[in-house]
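Undergrad: I need the structure of the sequence given here:
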Amino acid sequence: MSYRTTRSLPAVTLDDVRGARKMLGGVARMTPMENSRYLSGLVGAPVHLKCENLQRTGSFKLRGAYVRIAGLLPEERAAGVVAASAGNHAQGVALASSLLGVRSTVFMPAGAPLPKVAATREYGAEVRLEGQVVDETLAAAQEYARTTGAVFIHPFDHPDVVAGQGTVGLEVLEQRPEVRTLLVGVGGGGLAAGIAVAVKALRPDVRVVGVQAAGAAAYPPSLAAGRPVSIENPVTMADGIKVGRPGEVPFRLVEEFVDDVVTVSEDALSRALLLCLERAKMVVEPAGAATVAALLSEPRAFAGPVVALLSGGNVDPLLMQRILRHGMAAAGRYLSLRLRLPDRPGALASLLGALSVADANVLDVSHVRTDPRLGLTEVEVELHLETKGPEHCAELGAALRDAGYTVLD
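TA: Sure, this is the predicted structure:
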């Protein structure tokens with residue numbers, strides 16, 4: 001389904017993106033393009049991963065931030081810049097400001113992951129922790145801009161930022177000129193808008209598809225309404241695309257140039273992150289893996305060759321641990337079981353022996369003896385197992401039933 005309209009005066013043009021690329025010479029890296037054999041087999045056509053997770057600061061955000069700050073007037077630079085972000089934009093603004101000799105202040109939520117706070121400081125920004133949620137942090141940054149005269153650097157809603165992000169599209173066409181479908185994660189829309197402007201100007205035949213987390217998908221209702229609309233309480237593990245309302249500038253361009261916007265589930269996001277780590281050997285944050293999640297969800301929906309953009313790799317290790325567990329469960333590689341056993345010596349050993357024969361790896365065992373539903377001589381056992389996939393899970397259940405065990409719901 002195409003959402004394109006007849007608007008003919010976009011806020012950003014191919015010339016703007018080309019100008020941004022010249023400005024970024026020696027600053028942003030041309031990130032590599034890696035082939036994925038697994039995804040290619042799934043899709044039935046070549047799939048390539050554009051690795052912006054390997055960009056400086058770990059995401060594409062440096063591109064737009066640098067172009068925006070570089071375009072400031074001398075008196076604006078003298079006043080310094082301010083931004084609000086929980087991670088990637090913070091680091092992009094901090095490094096861009098340092099490279100340009102501009103003072104930067106970055107507001108981050110009080111609960112922001114410590115590695116992201118530390119990295120932002122190391123790139124040269126003064127970090128202020130304000131608010132419990134990003135909206136509160138954003139309000140604090142805007143108030144700071146009003147009272148100090150510092151220039152507020154928006155993460156996506158400015159033509160210079162969009163043009164900077166669009167340089168990714170130019171690189172994609174140079175690295176894989178045979179591309180037919182380009183998948184891009186979408187939050188506020190700056191990245192998708194910039195890429196689509198560049199790609200459609202040079203290769204209108206390439207299908208550009210935006211990908212949003214289903215729990216934070218503001219673009220489908222906005223495109224249906226013909227204007228940016230807000231969604232209440234966006235919820236997703238993919239913080240990088242957790243945006244409740246599209247930006248005015250990118251919305252017009254997404255509406256004009258992006259062919260479709262699809263959504264992916266949390267299970268698909270976690271499975272995609274796991275796949276990137278295991279198969280592509282890439283550390284990717286949930287937002288960065290959204291494009292891979294789209295391929296896993298509907299592999300035959302995209303004509304190849306396909307380029308999937310990995311937009312960032314800044315993920316808190318604790319969050320990574322939780323997501324990987326979730327991803328393994330979603331892929332059928334974790335299995336939790338509850339069984340009732342006679343409370344006598346050797347009963348648990350017999351159960352574990354049956355699981356060993358079925359080639360299951362036992363991760364955790366817990367006992368319940370005080371539940372009123374249990375008989376006087378019964379014990380309930382909860383097991384957490386590592387398995388080889390959905391088929392192995394089914395085989396385990398059958399093996400336990402054959403051995404006389406009753407698996408509880």
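
Undergrad: I figured Gly194 hits Gly164, correct?
TA: Yes - between Gly194 and Gly164 there is a contact under CB atoms under 8 Å: 7.0 Å. Every residue, glycine included, has its C-beta placed from N, CA and C.

Undergrad: show me which of these two is the more surrounded one.
TA: More crowded of Gly194 and Gly164, by other CB atoms under 10 Å: Gly164, with 37 against 34.

Undergrad: after the helix or strand that contains that one, which helix or strand is next?
TA: Using DSSP states H and E, the element containing Gly164 is helix 159-175. Per DSSP H and E, helix 159-175 leads on to strand 181-185 as the next helix or strand towards the C-terminus.

Undergrad: tell me what that next one is packed against?
TA: helix 190-202, strand 207-213, helix 290-297, strand 306-310 (3 or more CB pairs under 8 Å, 6 or more residues apart in numbering; DSSP states H and E).

Undergrad: let me see the mean pLDDT of that strand.
TA: For strand 181-185, mean pLDDT is 98.

Undergrad: the inter-axis angle of that strand versus helix 159-175?
TA: Here the directions of strand 181-185 and helix 159-175 differ by 140 degrees (axes from the mean of the first three to the mean of the last three CA atoms, to 10 degrees).

Undergrad: find the helix or strand that Ser40 is a member of.
TA: Per DSSP H and E: helix 37-43 holds Ser40.

Undergrad: strands of the stretch 201-350 of the chain, residue ranges please.
TA: 207-213, 260-264, 306-310, 334-342 (DSSP state E, counting those that start in this stretch).

Undergrad: redo those strands as CSV? Include mean pLDDT and distance to Arg245.
TA: Output for the strands of the stretch 201-350 of the chain, formatted as CSV (pLDDT from 0 to 100; distance: least, CB to CB, whole Å):
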stretch, mean pLDDT, distance to Arg245
strand 207-213, 98, 13
strand 260-264, 97, 14
strand 306-310, 98, 22
strand 334-342, 77, 36
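
Undergrad: and those strands, which is most packed in?
TA: Highest mean neighbour count of the strands of the stretch 201-350 of the chain: strand 306-310, a mean of 28 (counted as mean count of other CB atoms under 10 Å).

Undergrad: now do it: distance to the chain's middle.
TA: For strand 306-310, the separation from the chain centroid amounts to 13 Å (computed by CA atoms, centre = their mean, to the nearest Å).

Undergrad: and that strand, what does it pack against?
TA: Looks like strand 306-310 contacts helix 37-43, strand 47-51, helix 159-175, strand 181-185, helix 290-297 (3+ CB pairs under 8 Å, 6+ apart).

Undergrad: give the contact list for the nearest residue to Thr13 once chain neighbours are set aside.
TA: Among residues not flanking Thr13 along the chain, Val197 sits closest, at 6.8 Å (CB to CB, 6 or more residues apart in numbering). By CB atoms under 8 Å, 6 or more residues apart in numbering, the contact list for Val197 reads Pro10, Val12, Thr13, Leu14, Asp16, Val17, Val162, Gly166, Gly169, Leu253, Phe257.

Undergrad: make JSON lines out of the residues you listed and add neighbour count.
TA: Shown next, in JSON lines, are the contacts of Val197 (neighbours: other CB atoms under 10 Å):
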{"residue": "Pro10", "neighbour count": "21"}
{"residue": "Val12", "neighbour count": "28"}
{"residue": "Thr13", "neighbour count": "16"}
{"residue": "Leu14", "neighbour count": "18"}
{"residue": "Asp16", "neighbour count": "21"}
{"residue": "Val17", "neighbour count": "26"}
{"residue": "Val162", "neighbour count": "32"}
{"residue": "Gly166", "neighbour count": "32"}
{"residue": "Gly169", "neighbour count": "31"}
{"residue": "Leu253", "neighbour count": "26"}
{"residue": "Phe257", "neighbour count": "25"}
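
Undergrad: least confident pick among those residues?
TA: When the contacts of Val197 are compared by pLDDT, Pro10 scores lowest at 54.

Undergrad: give me the pLDDT value at the residue nearest the centre of the chain.
TA: Note on the chain: the residue nearest the mean C-alpha position is Ala287, at 0.6 Å, using CA atoms, centre = their mean. Looking at Ala287, its pLDDT is 93.

Undergrad: same check on Ser2?
TA: pLDDT recorded at Ser2 is 37.

Undergrad: wait, doesn't Phe152 sit right on Glu143?
TA: No - look at Phe152 against Glu143 with CB under 8 Å: they stay out of range, at 10.1 Å.

Undergrad: point to the helix or strand of the chain where mean pLDDT is at its lowest.
TA: Lowest by mean pLDDT, DSSP states H and E among the helices and strands of the chain is helix 317-330, with a mean of 73.

Undergrad: same for it, what does it pack against?
TA: helix 266-278.

Undergrad: and for the helix it packs on, what are the contacting residues?
TA: By CB under 8 Å, 6+ apart, helix 266-278 touches 38-39, 49, 213-215, 236-238, 264, 282-286, 288-290, 292-297, 310, 315, 320, 323-324, 326-328, 330-331.

Undergrad: now, of the residues you listed, which are buried?
TA: Neighbour counting with 16 or more other CB atoms under 10 Å marks 39, 49, 213, 215, 236-238, 264, 282-286, 288-290, 292-297, 310, 315, 320, 323, 326-328, 330-331 as buried within these.

Undergrad: picking that back up, now the angle from the helix holding Gly164 to helix 190-202?
TA: With the same axes, to 10 degrees defining the directions, helix 159-175 sits at 50 degrees from helix 190-202.
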